[in-house]
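Novice: just coords:
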């Protein structure tokens with residue numbers, strides 16, 4: 001049996017944590033192993049419990065979610081962090097993405113979407129709420145056309161990444177092996193000088209590379 005994904009909940013509102021715990025208790029393969037009420041506690045609890053995924057609020061007293069994200073990334077780089085917030089603040093969202101967030105969701109996300117984001121983060125993939133993605137695209141300054149170095153096949157893979165497809169789905173659509181797709185993804189991240197699929201997807205949408213043709 002595949003081990004359950006171990007999740008740490010971080011929010012300064014106990015009622016929110018209680019609601020998230022109840023929500024996730026209905027999801028197969030996900031186990032809430034702990035809670036924290038602020039960023040400082042989140043870092044300490046993450047070190048102690050070694051969760052697979054942290055579901056964390058952005059705005060909290062003291063050390064906020066973005067700073068806690070950075071600290072967790074330094075001390076437990078194998079732990080994925082999905083940020084959760086009440087509103088699409090493009091500045092904070094960009095800070096979180098740049099700090100290594102594996103996902104960014106609004107608190108009105110459905111239980112299914114929250115669970116999907118946790119599973120995607122655990123697989124090393126990323127999820128952005130559409131409203132957050134739109135804000136990020138509006139805020140991010142246009143960089144040089146780094147995609148000029150991408151091959152035609154890498155551009156195809158990038159377009160599918162931007163549409164939210166996983167490596168297995170990309171492999172099936174392009175009639176490639178999953179190993180070959182992973183190689184293309186690595187090359188894309190290197191050539192675009194981005195650290196993860198989320199930033200690659202943002203770049204693709206901003207440059208209109210997600211559109212066919």
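Specialist: Perfect, I can see it now. Predicted, not measured: the structure shown is a model, and the values here were computed from it.
Novice: C-alpha from now on. contacts and neighbour counts both.
Specialist: Will do.
Novice: any low-confidence regions in the chain?
Specialist: Along the chain, segments meeting pLDDT under 70 span 88-91, 130-148, 210-213.
Novice: give me that answer again for 80
Specialist: Where the chain drops to pLDDT under 80, the residues are 1, 86-95, 97-98, 126-148, 205-213.
Novice: any idea where the strands of it begin and end?
Specialist: Ranges of strands within the chain are 5-10, 30-36, 53-57, 80-85, 103-106, 127-128, based on DSSP state E.
Novice: Any idea which of the ones you listed gets closest to residue 174?
Specialist: strand 127-128 (22.0 Å; C-alpha to C-alpha).
Novice: Relative to the whole chain's centre, how far out is that closest one?
Specialist: 5 Å (C-alpha atoms, centre = their mean, to the nearest Å).
Novice: May I have the strands that pair with it, each with its orientation?
Specialist: strand 103-106 (parallel) (DSSP bridges).
Novice: coming back round to it: export the strands of the chain as a markdown table, with columns for distance to residue 118.
Specialist: Shown next, in a markdown table, are the strands of the chain (distance: least, C-alpha to C-alpha, whole Å):
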| stretch | distance to residue 118 |
| --- | --- |
| strand 5-10 | 8 |
| strand 30-36 | 8 |
| strand 53-57 | 7 |
| strand 80-85 | 7 |
| strand 103-106 | 8 |
| strand 127-128 | 9 |
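Novice: Make TSV from the ones you listed and add mean neighbour count to it.
Specialist: Output for those, formatted as TSV (neighbours: other C-alpha atoms under 10 Å):
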stretch	mean neighbour count
strand 5-10	24
strand 30-36	19
strand 53-57	28
strand 80-85	27
strand 103-106	26
strand 127-128	23
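Novice: right, so of these, which gets closest to residue 206?
Specialist: strand 127-128 (14.3 Å).
Novice: hmm, who's touching that closest one?
Specialist: Residues from elsewhere that reach strand 127-128 (C-alpha atoms under 8 Å, 6 or more residues apart in numbering): 102-105, 117, 120-121, 164, 198.
Novice: Any figure for the gap between residue 35 and residue 191?
Specialist: Per C-alpha to C-alpha, to the nearest Å, residue 35 is found 39 Å from residue 191.
Novice: hang on, I meant residue 197
Specialist: Residue 197 is 13 Å from residue 191, by C-alpha to C-alpha.
Novice: same thing with residue 92?
Specialist: 26 Å.
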